[in-house]
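> Give me a 3D structure for the following:
(2 chains)
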Number of protein chains: 2
Amino acid sequence: MRKVGKNSVAFDNVFLHSWGTSCGPKEKEGPIGTYFDVSFNDLYCDEKTWETAEMNLMRTALVEAIRKGNLSISEVELAVGGDLNNQIAVSNYLMNDFPIPFIGIYGACSTAVLSLINASTFIDSGYGKYIACMTSSHNSTSERQFRYPTEYGGQRPPSITTTVTGSGVGILTNKKTEIRISKATIGCVTSSGENDANDMGRTMAPAASMTLKQHLEDFKISPDEYDLIVTGDLSLYGSKVFKDILKEYKIDVENNYQDCGLMIYDLQNQDVIAGGSGCGCASLVMYGYICSLLRSKKLKKVLVIATGALLNPVMVAQGKEIPSIAHAVCLEGVSE
Amino acid sequence: MRKVGKNSVAFDNVFLHSWGTSCGPKEKEGPIGTYFDVSFNDLYCDEKTWETAEMNLMRTALVEAIRKGNLSISEVELAVGGDLNNQIAVSNYLMNDFPIPFIGIYGACSTAVLSLINASTFIDSGYGKYIACMTSSHNSTSERQFRYPTEYGGQRPPSITTTVTGSGVGILTNKKTEIRISKATIGCVTSSGENDANDMGRTMAPAASMTLKQHLEDFKISPDEYDLIVTGDLSLYGSKVFKDILKEYKIDVENNYQDCGLMIYDLQNQDVIAGGSGCGCASLVMYGYICSLLRSKKLKKVLVIATGALLNPVMVAQGKEIPSIAHAVCLEGVSE
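Here you go, the predicted model:
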């Protein structure tokens, strides 16, 4: 591993061994739903509470990643992960069932990439052969915790996004595979000036654009280095602000930029308001869709910038703004 | 860095450059209060809310660590940290004021050591020269979030511990200093069978004992390898269960074991019930007291096992037990 510039690192020897994805019905019906391994027919996911439903999503994705990688549980030497629930409860409670050393992380929806960066550092420094990176989100656990219980049926403003019900788990390795984790940029907490819990996209746009700007500066590259640059869950309004901020810095991403929150749902025909959000959003799109395209050589080099709104209801009630953070990772296809 | 056994690593080149500590009045009046850098006269810590009070504790400790290390803020290349607040809000909001890449972690009260392990891995893999590890807890933010607001004046059962008001920040480096981070063991989430939010000590004892057992097995050493083995915050009842479990495995820690929760307060004369707890407990004792004794050669080699009860009020309301986790790190004095 080499430190590059102010916020970035280059990894020498980190590869994606396998991945597993699980989702709810809405994600399965979306434009890239066929790329996800397992789907459930309703938000209970064969469980009795939203929290255990989310645990089942993450368990399913983890077991799929292990199975598809032809591994046994005991071969996974470390797990790094988190979720949106207070005390990252879903990850912590799930890991009670797995005898794997566990590092809990929290970066709100940026956790999808933060877990990859953290695990890549452990792989690169020789910790072991296989490390799992895991995250999840569930529409009903998130809505209840950050806004209102879904059963309340509150009206949603146009700026609100739909928290994705799903989990993505990747298993990293130090042995060459078809997909390499080559670069990463660790974000700084960034002021948004926003304090509207119903407008996470615009809240996270400054952090996302600052992380991309820093990434390009650190590696001395331009955006056309990448076939595709995706943000995690800026969705309809946030992704516009993201591009506007970048324009001020003369960074042009008009031709190769998308947002996971706009890829996972059909905004015209699914009732998702401004698009998708949540840890599950970036991780489902990254592992399920992007990694499939990298493996089939339809994509060569992708920068995933996962975005996290560091929303805490107590702080917002005290009149504070919601700061944000974004972490970026480069996934690239490995030539034979 | 070398992987050792199932859960452990040995670091080649990680040292503690400097540290900063801040605390409330009760911690200052305690038996090791003179070891802490800065203390506040009341729980508001010059702020208007409990959350901003805790932010001020962490800011003070971070600034002290930077100042005592003769560094500028821009020389700190990464910060790794977390706290007990939902969404690790205190750490995230504080880092909004510092232009330092930030990795948020959550291991409940085990965060004090988890941040050290994570940061040590980044140092060891060549990320940079200076990385800050930070954590905090505050009596009133914790009591309100996990139990009742302190203003409520609820009666406390004998098993309850007193959440420490304080913060400890360590800055790691790759250049030789007087204190080395030499070994670490990453814990697994461990079942406790307990679901009493007023008895965190007994809840965490199984995780602490399993992590020590694994540590000794991984490195093929016995407890007398260490001058001192400390657990983070098992306090009065938990530390007894810890020793009882170890006895079953014929591991004897009778002569060199203490608990940070019993060291930070005078249980006879301070109104703290079963002792201290919280992220601030292990970090104040570790950085403030133990590192001072290591530097003055009064201690040579210490194992700190920070313990975290992965308490989530929603899960407990759903009838689930409280799982726990414990992470261990070895701090040793460096001979000239």
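
> Spit out the contact partners of A:Lys26.
Under the criterion of Cβ atoms under 8 Å, 6 or more residues apart in numbering or on different chains, the contact partners of A:Lys26 comprise A:Thr162, A:Thr165, A:Tyr265, A:Gln270, A:Val272. Glycine gets a C-beta too; all of them are placed from N, C-alpha and C.

> Count the residues that sit near A:Ser292.
Neighbour count of A:Ser292, defined by other Cβ atoms under 10 Å in any protein chain shown: 16.

> Next one, pLDDT for it please.
The predicted local distance difference test score for A:Ser292 is 97.

> what's next to the helix or strand hosting it, contact-wise?
For A:Ser292, the host element (DSSP states H and E) is helix A:291-295. Here helix A:291-295 makes contact (Cβ under 8 Å, 6+ apart) with A:Leu16, A:Trp19, A:Tyr35, A:Gly170, A:Glu178, A:Ile179, A:Leu299, A:Lys300, A:Val302, A:Leu331, A:Glu332, A:Gly333.

> By neighbours, which of those residues wins?
The most crowded member of the contacts of helix A:291-295, judged by other Cβ under 10 Å, is A:Gly170 (29 neighbours).

> Can you tell me the strand partners of the helix or strand harbouring that residue and which way each runs?
Remark: A:Gly170 resides in strand A:166-173, with elements defined by DSSP H and E. Strands adjacent to strand A:166-173 in the sheet, as given by DSSP bridges, are strand A:15-23 (antiparallel), strand A:130-137 (antiparallel).

> helix, strand or coil for A:Ile117?
Judged by DSSP: H, G, I helix; E, B strand; the rest coil, the three-state class of A:Ile117 is helix.

> likewise A:Gly238?
A:Gly238, by the three-state scheme (three-state DSSP), is helix.

> how about the nearest residue to it, chain neighbours excluded?
Leaving out its chain neighbours, the residue that sits closest to A:Gly238 by Cβ to Cβ, 6 or more residues apart in numbering or on different chains is A:Gly201, at 2.5 Å.

> Can you verify the one you found is assigned to a strand?
No - using three-state DSSP, the secondary structure at A:Gly201 is helix, not a strand.

> what about it, neighbour count?
The number of residues packed near A:Gly201 is 29, by other Cβ under 10 Å.

> Secondary structure of A:Cys188: a strand, I assume?
No - membership of A:Cys188 in a strand is not supported by three-state DSSP, which gives coil.

> you'd agree it is up against A:Ile325?
Yes - using Cβ atoms under 8 Å, A:Cys188 is in contact with A:Ile325, at 7.2 Å.

> Please enumerate the shared neighbours of these two.
Contact criterion Cβ under 8 Å, 6+ apart; residues shared by A:Cys188 and A:Ile325: B:Phe102.

> before we move on, back to that, show the average pLDDT along the strand holding A:Gly170.
98.

> Stretch A:45-60 now?
Model confidence over stretch A:45-60 averages 98 on the pLDDT scale.

> again, but for stretch A:264-275
Per-residue confidence for stretch A:264-275 averages out to 96 on the pLDDT scale.

> and the end-to-end length of it?
Stretch A:264-275 has its terminal residues 8 Å apart, counting by Cα to Cα, to the nearest Å.
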